[in-house]
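# Return a 3D structure for these sequence lines:
(chains A, B and C)
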Amino acid sequence: MRRHLAYSLALALAVLFGLSGAASADNKLKAVASFSVLGDVVKQVGGERVEVTTLVGPNGDAHVFNPTPATAKLLASADIFFVNGFGFEGWMERLEKSSGFKGEVVVASKGVTPLTMGEENGHHQDDHGDAHDEGGDEVPDPHAWQSLANGKIYVANIRDGLIAADPEGKADYEENATKYLAAIDAEEAAVKVAIAKLPPERRRIITSHDAFGYLADAYGLEVISPEGVSTESEASAQDVAMIIRQIREEQIPAVFFENVTDRRLLDQIARETGAKIGGVLYSDALSKADGPAPTYLGMFRHNIGALSAALSS
Amino acid sequence: MIDALFQPFIEFAFMRRALVGCLIISMTAPPIGVFLVLRRMSLMGDAMGHAILPGAAIGYLLAGLSLFAMSLGGFAAGLAVALAAGLVARSTVLREDASLAGFYLVSLALGVMLISARGSNVDLLHLLFGTVLALDDAALILIAAIATVSLTALAVIYRPLVLECFDPQFLRSVSPLSSTTHLLFLVLVVLNLVAGFQALGTLMAVGIMLLPAVAARFWVEDVAGMIGVAVGAAFVASFTGLLLSYQADVPTGPAVILCCGAFYFLSILVGVKGGIIWGLMPRKHLEA
Amino acid sequence: MRAAKASAPAISFHDLTLGYDRHPAVHHITGDIVRGNLLALVGPNGAGKSTLLKAIVGELRPLSGSLDLHGLTKRDVAYLPQVIEIDRSFPISVFDCVAMGLWRKIGAWRGLGRRGREEVVQALETVGLAALANRPVGSLSGGQFQRVLFARLLLQDASVILLDEPFRAIDTKTVEELVALIERWHGEGRTVLAALHDIDQVRAHFPHVLLLAREVVAWGDTKKVLTPASLAKSRQLTEAFHAHAHVCERNDEAERAIA
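Residues are numbered from 1 along each chain as shown, chains lettered A, B, ... in the order given. Just a heads-up that it's a prediction; the model follows:
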């Protein structure tokens, strides 16, 4: 009788320890984000409770990312996977299948009204040699995070996803999210002020690929690019010619490089048109931690800063 | 009509530069291609194109998108593979094609591994496919320099090279230049591929070297003539390809190579020496 | 062009063994080929005739023993290998092919010049191919191509000429004309060494014979060498490599040259 009691006690203690272990702060939620912008937002909302790993790191190009066995291994041991959606991660399905990921996939852009190729300003209307554009169908522009209003939707989706995966952290996540949303609001106000300062006819730029459609749409800029929506496509002579012509005719003042594309083509265009080279804009990826755009909001601050500097003079 | 042909080049500097770059390459690469074809080394040209990759990758890893670093790296890698293959072929039982296959495959695998280590990077992808529309001054100067060196060297070793293709044993018996000629030729192949890949990428650079040369065989029957036809065809293909990219909104590198390909098909069909169509039409034979 | 010393050697072999991968194709050859000799190299298939010629021209390194050219360089030796090694489909004209024979004078870079052109035309006329000068070599018959190669040899103006089966699969008329050319060379005092399979041809035109069957069977005047006995002996000696042969211990000291 005493032996039975001893055993049951031991068992109960073991169970208790196990349970408490599960709730201890050491066991963080393992989150994987598809690319650096998303990774930063997840970190901001997740805070201490979440351990975030990013697949496509700073200055990386998610359009042409190729997952490796290491990536699959990483995902397999994750609890929750955050992706952008809208076709940004073309490799996602493959990766999910091969890694055997059983957790939740949270699409950050759920609920965002997408812009499509045809709707955006300044992009010429004929069919592009674009990797996604088949048979003239309208393809959603995946770069939704370039509008801070959409960014807020991302935050909401991420918060909800984290709560669903880790209900115990609900209070933390809601608090973090609220704080971050306030920061986004502040940034958005600053952006609008900065753009308002620019003379209307100078609010137009050239960048490598159509990453800034949402930025243009939300804040009244015109963005033109030779490469279309994905960096995968190769510019044709006609593309380049039309852009040069447009720059000349419409006196577009500045050309911006991006941190994820080949600068040489833009260099050539800038040389030929005399447009100013305005610097680097961060589009599909953040910079490294010691760079000018290490966070989502930091990216905005840098981009708007560069735009203002180039377009105001 | 004439207007439509030349207007893009008049209006846009980038079109002019692209044309100049392609024309220079059209002068220097096809003659090398002619010799590759005559020596039955056509696929070797393709292999060398792949062998260059790890060198360019290393150059890129060390110094970013630096023209100098990548060209030097590519040249070093191509040369190493060519020399190693040649050396092995001359001093062991292995023949040149097998020894080259061995070395270039290792080189290619190394290149892929190096690129993967850095993560997929679109800059390097552009390297593979070239950016003829973005040739800057430095690139044009490099291409022109390589062309000058290559054409001069080719003129100097022309006779030994012809002999080396036609009757290598005779060359060995009358001159000690045989090994040197062979190695120098391989160096020229690598140099021209390095020049070509600036504009057309590693994949297409081989195309402008080989396609016009292969087609030339259907029009003339002597080496000098083949070189002339190949260069001329490459000129026309460069011009037409650029124009096509402009008028029809298609990527430039592939457009140029497809124009070369069109000439190739044309040659197979109606080439004066051995075109299929002449075989189908009965013609009276000559007296003697 | 008579040699100053009629019995001075042009090529000497000292216990020469040649082969591939330690298996000898030719065993312990010792002897001299005298300057101005017109020597036929005769023997059954696999006797080592081509191997010996390749060694003389430097294409093959001896396994043991040595070969002495007495100061002659590569440029003084003209070699006509068996035709298979040439790429007949190469787009080169008869004229250009023959012109290569003037390499000694023009090297890799100098132009032919008027003299050179005339010499080439002369050589083509000697072999009866002047009319075909601009044809690509690929369009010639076997006999015609052989004549082209002989014309090239003519222009090489070498003191030693090596011919490996020059008349294989060639029509009789061409053979006659080319034999006449060989005899002309002999008359000019050049040393000519020809590997041949047609015994009757040898008897008719060649004063000296080296009968080879991987080793020297007989060497000397044609009449003395080409006896039924020695011919039979040469046929007996094995043609194939022994896969598991022992290391050769033989030390050959007897001089067999009867030049």
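# Which other helices and strands does the helix or strand encompassing residue A:152 contact?
Taking DSSP states H and E as the criterion, the element that holds residue A:152 is helix A:148-165. With contacts taken as 3 or more CB pairs under 8 Å, 6 or more residues apart in numbering or on different chains; DSSP states H and E, helix A:148-165 sits against strand A:29-35, helix A:36-46, strand A:80-83, strand A:104-107, helix A:170-197, helix A:213-219. C-beta here means a position set from N, CA and C on the backbone, and glycine is covered the same way.
# what's the closest of the ones you listed to residue C:218?
strand A:29-35 (87.9 Å; CB to CB).
# Now do the closest one and helix A:148-165, the angle between them.
150 degrees (axes from the mean of the first three to the mean of the last three CA atoms, to 10 degrees).
# what comes up buried for stretch A:186-199?
Using 16 or more other CB atoms under 10 Å in any protein chain shown as the test for burial, stretch A:186-199 gives A:187-188, A:191, A:194-195, A:198.
# Please put the alpha-carbon coordinates of that stretch into PDB.
Listed next in PDB are the C-alpha coordinates belonging to stretch A:186-199 (Å, rounded to 0.1, in the frame of the first residue of the first chain):
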ATOM      1  CA  ALA A 186       3.200  58.100 -35.800                       C
ATOM      2  CA  GLU A 187       5.400  57.000 -38.700                       C
ATOM      3  CA  GLU A 188       2.600  57.300 -41.100                       C
ATOM      4  CA  ALA A 189       1.900  60.800 -40.100                       C
ATOM      5  CA  ALA A 190       5.600  61.700 -40.500                       C
ATOM      6  CA  VAL A 191       5.500  60.200 -44.000                       C
ATOM      7  CA  LYS A 192       2.500  62.200 -45.100                       C
ATOM      8  CA  VAL A 193       4.100  65.300 -43.800                       C
ATOM      9  CA  ALA A 194       7.300  64.700 -45.700                       C
ATOM     10  CA  ILE A 195       5.600  63.900 -49.000                       C
ATOM     11  CA  ALA A 196       3.400  67.000 -48.600                       C
ATOM     12  CA  LYS A 197       6.500  69.100 -48.500                       C
ATOM     13  CA  LEU A 198       7.600  67.900 -51.900                       C
ATOM     14  CA  PRO A 199       6.300  69.900 -54.900                       C
END
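# what mean pLDDT does it have?
The average pLDDT within stretch A:186-199 is 90.
# Now find how far off-centre that stretch is within its chain.
21 Å (CA atoms, centre = their mean, to the nearest Å).
# same check, this time on stretch A:210-226
For stretch A:210-226, the distance to the chain centre is 15 Å (CA atoms, centre = their mean).
# What residues sit buried inside the helix holding residue A:152?
If you call a residue buried by 16+ other CB under 10 Å, then helix A:148-165 has these buried ones: A:148, A:150-163, A:165.
# can you list the domain ranges for chain A.
Structurally, chain A divides into domains by automatic domain parsing as follows: A:27-180, A:192-312.
# hmm, back to that, out of the buried residues of stretch A:186-199, which touch chain B?
The overlap between the buried residues of stretch A:186-199 and the neighbours of chain B (CB under 8 Å from any CB of the partner chain) is empty.
# between the residues you listed, which is nearest chain C?
Checking the buried residues of stretch A:186-199 against chain C with CB to the nearest CB, the nearest one is residue A:198 at 67.1 Å.
# Show me the strands in the chain, by range?
All of this is about chain A. Under the criterion DSSP state E, chain A contains strands at A:29-35, A:50-56, A:80-83, A:104-107, A:204-206, A:222-224, A:254-258, A:276-281.
# um, chain C though
C:9-20, C:23-34, C:38-42, C:64-68, C:77-80, C:160-164, C:191-195, C:208-212, C:216-221.
# ok, the nearest residue to residue C:153 once chain neighbours are set aside - contacts?
Spatial nearest neighbour of residue C:153, excluding adjacent residues (CB to CB, 6 or more residues apart in numbering or on different chains): residue C:78 at 5.1 Å. Residues counted as contacts of residue C:78 (CB atoms under 8 Å, 6 or more residues apart in numbering or on different chains) are B:173, C:153, C:156, C:158, C:160-162.
# cool, residue A:54 as well?
A:32-36, A:38-39.
# any idea how far it is from residue A:37?
For residue A:54, the distance to residue A:37 (CB to CB, to the nearest Å) stands at 9 Å.
# now do residue B:220
Using CB to CB, we find residue B:220 at a distance of 60 Å from residue A:37.
# the more surrounded of these two?
residue A:37 (28 against 18; other CB atoms under 10 Å in any protein chain shown).
# what does chain B put close to chain C?
Residues of chain B found near chain C (CB under 8 Å from any CB) are B:38, B:156-157, B:159-160, B:162-163, B:165-170, B:172-177, B:217, B:220-223, B:225-226.
# Now, of the residues you listed, which are buried?
B:38, B:157, B:159-160, B:162-163, B:165-170, B:172-175, B:177, B:217, B:220-223, B:226.
# What confidence value was assigned to residue 235?
Went with chain A since none was named. Value for residue A:235, per-residue pLDDT: 75.
# that's the other chain; I wanted chain C
Value for residue C:235, per-residue pLDDT: 76.
# which non-adjacent residue is nearest it?
residue C:44 (5.5 Å).
# Likewise for residue C:227?
Closest to residue C:227 by CB to CB, 6+ apart is residue C:218, at 8.0 Å.
# so what's the one you found bridging to?
residue C:211 (DSSP bridges).
# Run through the residues that contact it.
Per CB under 8 Å, 6+ apart, neighbours of residue C:218: C:209-211, C:224-225, C:227, C:230.
# farthest-separated two in the residues you listed?
Farthest pair in these (CB to CB) is C:210 and C:227. Separation: 14.5 Å.
# Could you measure from whatever residue of chain A ends up closest to chain C over to residue B:250?
Per CB to the nearest CB, residue A:237 is where chain A lies closest to chain C, at 36.6 Å. Note on residue A:237: its distance to residue B:250, by CB to CB, is 9 Å.
# the more surrounded of these two?
Neighbours around residue A:237 and residue B:250, counted as other CB under 10 Å, are more numerous at residue A:237. The numbers are 27 against 18.
# which residues touch that one?
By CB under 8 Å, 6+ apart, the neighbours of residue A:237 are B:8, B:14-15, B:18, B:133, B:242, B:245-246, B:252.
# By pLDDT, give me the weakest of these.
Among the contacts of residue A:237, residue B:133 has the weakest pLDDT, 77.
# looking at it, residue B:206 is touching residue B:193, isn't it?
Yes: if you go by CB atoms under 8 Å, residue B:206 and residue B:193 touch, sitting 6.9 Å apart.
# Keep only those of the buried ones among the residues of chain B next to chain C that are in helices.
If you go by DSSP state H, those have B:38, B:159-160, B:162-163, B:165-166, B:168-170, B:172-174, B:223, B:226 in helices.
# Quick check: of those residues, which lies closest to chain A?
Closest approach to chain A among those (CB to the nearest CB): residue B:226, at 30.2 Å.
# what's the neighbour count on the closest residue to that closest one other than its chain neighbours?
Spatially, and ignoring its direct neighbours in sequence, residue B:226 is nearest to residue B:216 (4.2 Å; CB to CB, 6+ apart). Residue B:216 has 30 neighbours, counted by other CB under 10 Å.
# what sits against residue B:216?
Counted by CB under 8 Å, 6+ apart, residue B:216 has contacts B:30, B:34, B:225-227, B:229-230, B:233, B:267.
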